[in-house]
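K.L.:
No sequence on hand, only this structure:
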């Protein structure tokens, strides 16, 4: 299975942005780990990050044609971008929503996810390991699992 990993706004600043919240690992290090984890699981991966919402939506549109699954971390767009939600809703492939921090125990506005009803799995508060857990879940995914409650956090 080919998995697109789409990171959104401000995630390009990993390693320097609030390291006490997001850790000290830079985005390029995280992407290297994602590629290695994917290979270990018999998957292929393509990572991208953008701070431009339209580019993020274009990447989702491309994934409709080229990906077997998605892992998404839209960053702050998670909490208000219905344009991203609508683009994700077009996919018939499984989508995993990942947040490195525990957004459910942070500021009230971070507890809102406008995409949670269109994803198959949410993983929050696991740091960079959330991406590994998302890949593992996708490697084991079957169409029957699509019946799982989409908001069951890890």
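P.N.:
Everything's here; your move. In this text the structure is predicted, and so the values were computed from the model without any measurement. Numbering: from 1, shown residues only.
K.L.:
which residue ranges form the strands in the protein?
P.N.:
2-7, 44-49, 69-73, 95-99, 121-124 (DSSP state E).
K.L.:
Give me the buried positions along the least confident helix or strand in the chain by mean pLDDT.
P.N.:
Comparing helices and strands within the chain by mean pLDDT, DSSP states H and E singles out helix 19-22 as the least confident, with a mean of 79. Neighbour-count burial for helix 19-22 flags residue 22 (criterion: 16 or more other Cβ atoms under 10 Å). Just so you know, the C-beta spots here come from the backbone N, C-alpha and C atoms, and that holds for glycine as well.
K.L.:
Same check on stretch 12-28?
P.N.:
By neighbour count with 16+ other Cβ under 10 Å, stretch 12-28 contains the buried residues 12, 14, 22, 23, 25.
K.L.:
In this structure the last one contacts residue 17, no?
P.N.:
What it means is residue 25. No. Taking contact to mean Cβ atoms under 8 Å, the distance of 11.4 Å between residue 25 and residue 17 leaves them out of contact.
K.L.:
quick one: residue 77 from residue 103, how far?
P.N.:
Using Cβ to Cβ, to the nearest Å, residue 77 is found at 13 Å from residue 103.
K.L.:
correction: residue 127
P.N.:
With Cβ to Cβ as the criterion, residue 127 and residue 103 are 13 Å apart.
K.L.:
repeat for residue 135
P.N.:
Taking Cβ to Cβ as the measure, residue 135 falls 20 Å from residue 103.
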